[in-house]
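# Test case, fold it:
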Amino acid sequence: MKRKKIIKSLSVITAAIFILSAFTFAGLVQNENIFIIVGQKTPVFLNHSLIKSVKLVQDEEIISVDGNLSNEYDVDLSKTLTFSSNKEGKFKLTANILGGITVKEITVNVLPEVYLYAGGDLVGVKLNTQGVIAVGFEDLVSDTGISASPAKDANIKIGDIITHINDTPINTADEFRKITNDITSDELILTIDRNKETLKISVKPFLTTDGYKIGLWVREKVAGVGTLTFITEDGKYFASLGHAVIDATSGVQVPLLNGDLVGAKAISIVRGEKGYPGEIKAVFKDPNVSLGKINENSEYGLFGYYEGDIDLSNYTLYPIATQNEIEVGPATIITTLDDGKKEYDIYVEKVYKQNEPNTKSMMIRITDEELLAKTGGIIQGMSGSPIIQNGKIIGAVTHVLIDDPTLGYGIFVEWMIKNFYIRQN
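Okay, the predicted model is just below:
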């Protein structure tokens with residue numbers, strides 16, 4: 001009898017060790033980031049693919065679960081929970097089974113209560129690059145008829161960002177041309193940024209009838225139109241687009257030195273069709289009058305600060321919603337076409353639970369008959385249009401599906417806010 005008890009105990013211990021090993025070594029411990037607003041109750045779904053019942057544990061009594069405040073909570077992960085906290089910051093919880101085996105690590109980010117003025121205005125952006133972007137090669141011809149492109153032969157690639165030539169900083173095409181049009185040596189060392197890696201490449205200039213050249217075209221400025229997403233409650237800062245500005249020729253994210261936000265006016269609309277994205281044809285109202293300075297071109301939009309005063313009476317102030325509050329269902333977007341700024345009906349088709357920032361946070365469908373008749377759906381220039389649901393700003397339009405322009409994606413406003421606060425602070 002005693003031997004059977006020992007065997008049974010050993011079996012339990014062995015099973016526990018096996019489970020612990022499985023979670024530890026098979027990578028089954030899941031990590032999750034949760035964003036909530038201080039002082040507000042937020043619905044949270046912590047579903048685990050394998051485990052249902054767990055004990056949530058925190059070192060301090062900071063995060064309240066379903067209205068109770070404790071160090072430990074017995075919860076069912078298949079059900080929606082309610083998190084709240086009266087303290088801002090970043091806090092850790094673990095979901096444990098069998099008395100202490102961790103199956104999920106949860107980071108709860110308690111954000112300050114944030115209100116934003118929803119934009120929707122059509123704006124122009126003028127960006128000056130940090131360095132110059134390689135956008136093309138030129139085949140040079142010598143007086144003997146031999147052709148070559150030294151830059152291409154040296155393995156310079158379209159999209160490379162040239163920051164220095166022979167240790168001299170380069171930020172404009174004029175600076176680039178001044179050096180490359182007055183070459184006095186048989187070698188130039190170009191410092192380039194390529195895929196977030198810094199390289200030094202030797203280029204051998206080619207003798208032409210006009211002197212030594214390297215056969216490379218570069219760009220220093222990028223301009224376009226988009227939509228203003230939000231203005232901060234104090235009227236000092238703005239965000240727009242919801243995604244990075246990409247150089248059309250090279251496909252690289254434009255390295256920003258500085259930039260200006262200017263007014264823009266839509267002059268015509270090109271409807272989107274299957275296989276062809278439409279666009280807002282627009283002009284800058286006055287390219288020499290800056291509404292604000294752009295200080296970041298990030299994956300999650302353009303950010304900057306306003307110059308001078310802004311009349312906020314033309315904007316509506318909304319609280320932000322975290323992703324846990326966003327629902328599949330009706331919503332609206334605010335955008336500007338050639339007949340002015342209006343609010344249009346959409347439907348949130350899917351909400352993607354995300355632990356890391358992503359510009360495709362939710363799938364949206366245009367349902368407004370007026371907007372569909374005019375644009376066919378989402379078109380170029382609408383990126384950044386704020387998305388409103390249940391009286392809160394939940395995100396911004398970022399992409400359109402080429403095969404179905406009525407469908408597109410939006411980014412969570414929490415990702416834009418997170419990026420904004422990190423940048424400003």
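
# how long is stretch 381-389 end to end?
22 Å (Cα to Cα, to the nearest Å).

# My error: substitute stretch 62-81 in the last question.
Start and end residues of stretch 62-81 are separated by 16 Å (Cα to Cα).

# Residues touching that stretch, excluding its own?
Contact with stretch 62-81 is made by 41, 43-48, 51-61, 82-85, 87, 89, 91, 93, 95, 104, 108, 110, as judged by Cβ atoms under 8 Å, 6 or more residues apart in numbering. All C-beta spots, glycine's among them, are computed from the backbone N, C-alpha and C.

# Low-confidence regions, the chain specifically.
Counting by pLDDT under 70, the chain has low-confidence residues at 1-28, 49, 142-144, 308-309, 419-425.

# The residue nearest the centre of it: what's it in contact with?
In the chain, the centroid-proximal residue (Cα atoms, centre = their mean) is Tyr300; its distance is 2.2 Å. Contacts for Tyr300 were tallied using Cβ under 8 Å, 6+ apart; they are Gly242, His243, Ala244, Pro357, Thr359, Ile411, Trp415, Met416, Asn419.

# again with Ile388
Taking Cβ under 8 Å, 6+ apart, one finds Ala118, Tyr318, Ala331, Thr332, Ile333, Ile334, Glu343, Ile394 in contact with Ile388.

# Asn86 now?
By Cβ under 8 Å, 6+ apart, the neighbours of Asn86 are Val38, Gly39.

# so it, which of the three states?
Recorded secondary structure, Asn86: coil (DSSP: H, G, I helix; E, B strand; the rest coil).

# three-state assignment of Ala396?
Going by three-state DSSP: Ala396 is strand.

# so what's the backbone phi/psi at the residue nearest to it when sequence neighbours are not counted?
Excluding the flanking residues, the one nearest Ala396 by Cβ to Cβ, 6 or more residues apart in numbering is Gly242, at 3.7 Å. Dihedral pair for Gly242: phi 80, psi 0, per degrees, to the nearest 10.

# Likewise for Thr198?
Torsion angles, degrees, to the nearest 10, at Thr198: phi -90, psi 130.

# Any idea how many residues pack against it?
11 (other Cβ atoms under 10 Å).

# Reduced to three states, what does the residue nearest to it when sequence neighbours are not counted come out as?
Spatially, and ignoring its direct neighbours in sequence, Thr198 is nearest to Thr191 (6.7 Å; Cβ to Cβ, 6+ apart). Assigned with three-state DSSP, Thr191 falls in the strand class.

# Just confirm Thr191 contacts Lys200, I think it does.
Yes. Assessed by Cβ atoms under 8 Å, Thr191 is found in contact with Lys200 at 5.5 Å.

# of the two, who's got more company?
Between Thr191 and Lys200, Thr191 has the larger neighbour count (other Cβ under 10 Å), namely 19 against 10.

# If you count neighbours, what's buried in stretch 286-295?
Ser290, Leu291, Gly292, Ile294 (16 or more other Cβ atoms under 10 Å).

# end-to-end on it?
20 Å.

# hang on, the earlier thing: counting neighbours, which of the contacts of stretch 62-81 end up buried?
Counted by 16+ other Cβ under 10 Å, the contacts of stretch 62-81 give 44, 46, 48, 51, 54, 56-58, 83-85, 91, 93, 95, 104, 108, 110 as buried.

# Tell me which of those fall in strands.
Val44, Val54, Leu56, Val57, Phe83, Ser84, Phe91, Leu93, Ala95, Lys104, Val108, Val110 (DSSP state E).
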